[in-house]
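Have a look; sequence and predicted model below, questions after that.
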Number of protein chains: 2
Amino acid sequence: MKVVIVGGGFGGLNAAIGLRSADCEVTLIDRENYHLFQPLLYQVATGSLSPANICAPLRNVLRRQKNATVLQGDVVDFDFEQREIVLKDRRVPFDKLIVAAGMTHSYFGRNAWQQLAPGLKSISEATEIRARVLSAFEQAEWEQDEVERRRLMTFVVVGGGPTGVELAGTLADLAHHTLAKEFRHIHPQTTRVVLVDAESHVLTQFPESLSVKAGEALEKLGVEVRTGLRVSDIDEAGVTLGDERIDAGTVLWAAGVTASPLGEKLATAAGVETDRAGRTLVQPDLSLAGHPDVFVIGDLAHLEDEEGKLIPGVAPAAIQEGKYVAKLIRKRLKGREVSPFRYRDLGSLATIGRAEAVARLGRLQFTGHLAWLLWLFIHLMQLVAFENRLLVLLQWTWSYITRGRSARLITTHPHRPKSAASSEPRPTPREHRPTRPIASEPQLVQSQCE
Amino acid sequence: MKVVIVGGGFGGLNAAIGLRSADCEVTLIDRENYHLFQPLLYQVATGSLSPANICAPLRNVLRRQKNATVLQGDVVDFDFEQREIVLKDRRVPFDKLIVAAGMTHSYFGRNAWQQLAPGLKSISEATEIRARVLSAFEQAEWEQDEVERRRLMTFVVVGGGPTGVELAGTLADLAHHTLAKEFRHIHPQTTRVVLVDAESHVLTQFPESLSVKAGEALEKLGVEVRTGLRVSDIDEAGVTLGDERIDAGTVLWAAGVTASPLGEKLATAAGVETDRAGRTLVQPDLSLAGHPDVFVIGDLAHLEDEEGKLIPGVAPAAIQEGKYVAKLIRKRLKGREVSPFRYRDLGSLATIGRAEAVARLGRLQFTGHLAWLLWLFIHLMQLVAFENRLLVLLQWTWSYITRGRSARLITTHPHRPKSAASSEPRPTPREHRPTRPIASEPQLVQSQCE
């Protein structure tokens, strides 16, 4: 029996591993050749960790599982009549199908914002954000115009969920501490990091007392927390929040998610409904209505718990769903049935900057260093490959002690939006000088010549 | 006094550091924001190390040197009349200029080969090579055609210098050991790695006995060493060596170097001569004829030792030259003169695969594990930032023990050349199937279903 899994994230990978002793052939298909440990992606975006620290090659993870094969490829459609997955250059037949294609960014219909304000879901987005952030400081260092320099040193993060909070906190730490001594013409300590959210608090998925504490912790880190404000426009020079304008060199998006394009293809092919964010409505056993052999798991699945609450799009839910479907397939192979999926809510964790976090474990609430240690422990324990776990811990310990960020590389050449002002040619002091000499630039920091 | 240094490699960075106590303002200009430890670049190309392991942000290296500033930018020309460096978007005035712009690949006038056979000089080239190598195995795993599968699993490295030898050796180790258990339809152990060189031996810069041993060590690793052969053509499906044809999915170039384009601009602007490879001819104090305040150091400089031998384009020479020019500038500021530059030849080292190397230290010669340990020690000691040194050692130790390569990520989407055969559409079994089903592919390895 052929089981095909689309997506090697938390849901898909756990489904594959859960089938290791099942009498079937498992094919795991992913666009990338690695499993990404997404909860630490913001550390790549801010230069603390390297991509390889949070990625595990899928083939390596599954190398001992003889009934599993990995296929790197782009799934473009589903053919339920032929029971085949359609890839760009081939077709793959299935008996059972598990779709774990995840979510992507939602710009609420403003697709032009995507270029202006990248989101953080993939390694390439993380290295793009890293390049934009670091290049902003490189440009500010040599920018002559005071207003433009302020703009380049202003960062706006849109969205106050865990990703937005983590990004804003680590950006503030990067600017105010790590980079503090490395520039000669600018003071990175004066960098503005603004976190914007439409709700009245950040981290609204947490109990209100924790949300309030998270907001306070962010402000202590030097982040301007602007809640209750909606972004009305993003352009090349900054963001507009209703009547207010923030000129910014870098805008990052952590505000909304929508189903991956594959979700719509699946719903159309299977004739099932989706919710407003494009999630596929699933049966209590995570299968699709009318397709008992097709399952949707992870962020892409829309399933409600007993209280009618949507099961959240978080890693623990995806892992539980992956394991559940694997178990269901194993049991059915033996002619047995399983009870409907039940989500166990283990709690929520979000880190804020260097050593702060908020955590809810069942009814217990933690804040501060204890919550941070809890966050650190849980995340390190969950990193798929042991090798990564050990090296990430060492890398982190070192970064933590030194406040260093060794992975501060600009490896892509970012298409930085420029303000209208700075892109206009300016008058040059002498005819034959196409550009202005550095000598005439103001030196904010006295250059010391021994 | 303004000292401008173009290039943050071994030469430029050591010149900047050498001026730390001099009464001058130092501006170090580089296209990238990091110093690259080039001798370990092949380990990034083969997935053992991450880019950040061998890169140190220039600002971080120079953060405590108050008289040094870093400028990330593209130098496009030199204006000796105005005594300014011309960047894309600005000009930088200088009193003393040190050019350390290095070399780039030479395809002997066959520039079309550049896309077909990338060379290894930069981080982006290393990650591109990594993506091509890993994608070749990903494609071979699902390739139905036996001939095409063999082609995808054939790698040709052109050029038997240290880079070519290191690439071929680690490619063989990657294929024959690391990947051995991770595929289901192919046997990575059967991968062909061919090293081609026009000379009669590899590593001709070493004494002949060491060259011979290096060739033997490569063959023991499973590399086909083909010396005395010239590449007459490279196309999308492989290489032609005179009468012989090798169909290959991946061709890598390590055969020749030529001056960076900036070298020609410099020679033209200064009115000085270059050698056949475009290196700038320099005076015994590394300055340019007629321009006593302009120096060229590193691979770009053409200077001969007392015996009339060109000083080689290796890291130790660049480091010595950078330190020498810094000392010369310091002494001249105090009204003193220095004697001409003298190259101290410390020897040569090249590693071959996992734990073999050849080394010449003065008149001493080493091979095998001892040479490899020497190589390891010297390279680790020279890594600029302590943080990197420690983490690279750990990363390496772990990779060495496990034969794992954790940085095996495909992060760029390689423009893989395809054979003419495979790019043609093939007949599909059924009308409505645009591509063939996997089920009909031959399974070289029996898929075990428990």
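Okay, I see it.

drop to CA atoms for contacts and neighbour counts, all remaining ones
Fine.

If A:Pro93 is in a bridge, with which residues?
The bridge-partner assignment for A:Pro93, based on DSSP bridges, gives A:Glu84.

Low-confidence stretches in chain A?
Across chain A, the stretches falling below the confidence threshold (pLDDT under 70) are A:384-388, A:404, A:414-450.

what do you get if the cut-off is 80, keeping everything else the same?
Within chain A, the segments meeting pLDDT under 80 span A:354-355, A:382-392, A:394-406, A:412-450.

Just the closest residue of the stretch 151-300 of chain A to chain B, please.
Shortest the stretch 151-300 of chain A-to-chain B distance, computed as CA to the nearest CA: residue-wise this is A:Glu182, at 4.7 Å.

number of nearby residues for A:Phe295?
The burial count assigned to A:Phe295 is 24, neighbours taken as other CA atoms under 10 Å in any protein chain shown.

nearest residue to it other than its sequence neighbours?
With CA to CA, 6 or more residues apart in numbering or on different chains as the criterion, A:Phe295 has its nearest non-adjacent residue at 4.1 Å, and that residue is A:Ser287.

Burial check on that neighbour, number of neighbours?
Around A:Ser287 there are 21 other residues, counting by other CA under 10 Å.

Is it correct that it is in contact with A:Ala301?
No: A:Ser287 is beyond contact range of A:Ala301, at 9.6 Å (criterion: CA atoms under 8 Å).

For the stretch 101-250 of chain A, what lies in contact range of chain B?
When proximity is defined by CA under 8 Å from any CA of the partner chain, the stretch 101-250 of chain A lies next to chain B at A:Ile123, A:Ser124, A:Glu138, A:Trp142, A:Lys181, A:Glu182, A:Phe183, A:Arg184.

Sitting in helices, which of these do you find?
Among these, the members falling in helices (DSSP state H) are A:Ile123, A:Ser124, A:Glu138.

how about the residue nearest to the second one when sequence neighbours are not counted, what does it touch?
Once its chain neighbours are removed from consideration, A:Ser124 has its nearest residue in B:Thr411; the separation is 7.0 Å (CA to CA, 6+ apart). Listed by CA atoms under 8 Å, 6 or more residues apart in numbering or on different chains, the contact partners of B:Thr411 are A:Ile123, A:Ser124, B:Thr127, B:Ala131.

Now restrict those residues to buried residues only.
A:Ile123, B:Thr127, B:Ala131 (16 or more other CA atoms under 10 Å in any protein chain shown).

Remind me which helix or strand the second one belongs to.
This means B:Thr127. helix B:123-141 (DSSP states H and E).

buried stuff in that helix?
Judged by neighbour count (16+ other CA under 10 Å), helix B:123-141 contains these buried residues: B:123, B:125-141.

Now cross-check the residues you listed against chain A and list the overlap.
If you filter the buried residues of helix B:123-141 for contact with chain A, counting by CA under 8 Å from any CA, you are left with B:Ile123, B:Glu138.

Which residue ranges of the stretch 151-300 of chain A form helices?
A:162-173, A:208-220, A:261-270 (DSSP state H, counting those that start in this stretch).

Quickly compare these and say which is most buried.
With neighbours defined as mean count of other CA atoms under 10 Å in any protein chain shown, the helices of the stretch 151-300 of chain A peak in mean count at helix A:162-173, which reaches a mean of 26.

Compute the inter-axis angle for it and helix A:123-141.
Angle between the axes of helix A:162-173 and helix A:123-141 is 30 degrees (criterion: axes from the mean of the first three to the mean of the last three CA atoms, to 10 degrees).

Only the C-alpha atoms, please, for helix A:162-173, written as CSV.
Extracted in CSV, the C-alpha atoms of helix A:162-173 (Å, rounded to 0.1, in the frame of the first residue of the first chain):
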residue,chain,number,x,y,z
PRO,A,162,4.7,35.1,18.6
THR,A,163,6.7,35.7,15.4
GLY,A,164,6.2,39.5,15.5
VAL,A,165,7.1,39.6,19.1
GLU,A,166,10.2,37.5,18.7
LEU,A,167,11.3,39.5,15.6
ALA,A,168,10.8,42.8,17.3
GLY,A,169,12.6,41.7,20.5
THR,A,170,15.6,40.3,18.8
LEU,A,171,15.9,43.2,16.4
ALA,A,172,16.0,45.6,19.4
ASP,A,173,18.6,43.5,21.0
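
tilt between it and helix A:208-220?
Here helix A:162-173 points in a direction 30 degrees away from that of helix A:208-220 (the same axes, to 10 degrees).

Identify all contacting residues around helix A:162-173.
Applying CA under 8 Å, 6+ apart, the set of residues contacting helix A:162-173 from outside is A:42-43, A:46, A:120, A:157-159, A:191-195, A:202-203, A:218, A:221-223, A:253-255, A:350-354.

Stretch A:58-65: end-to-end distance?
Start-to-end span of stretch A:58-65 (CA to CA, to the nearest Å) is 11 Å.

oh, I was asking about stretch A:220-233
From the first residue to the last, stretch A:220-233 extends over 28 Å; the measure is CA to CA.

Can you list the buried residues in it?
Of the residues in stretch A:220-233, those scored as buried under the neighbour-count criterion (16+ other CA under 10 Å) are A:Leu221, A:Gly222, A:Val223, A:Glu224, A:Val225, A:Arg226, A:Thr227, A:Leu229, A:Arg230, A:Val231.

swap in stretch A:60-79?
A:60-63, A:65-75, A:77-79.

Return the nearest residue of the stretch 51-200 of chain A with respect to chain B.
A:Arg90 (4.3 Å).

Which elements pack onto the helix holding B:Thr127?
Here helix B:123-141 is seen to pack against helix B:41-45, helix B:146-152, strand B:250-253 when contacts are counted using 3 or more CA pairs under 8 Å, 6 or more residues apart in numbering or on different chains; DSSP states H and E.
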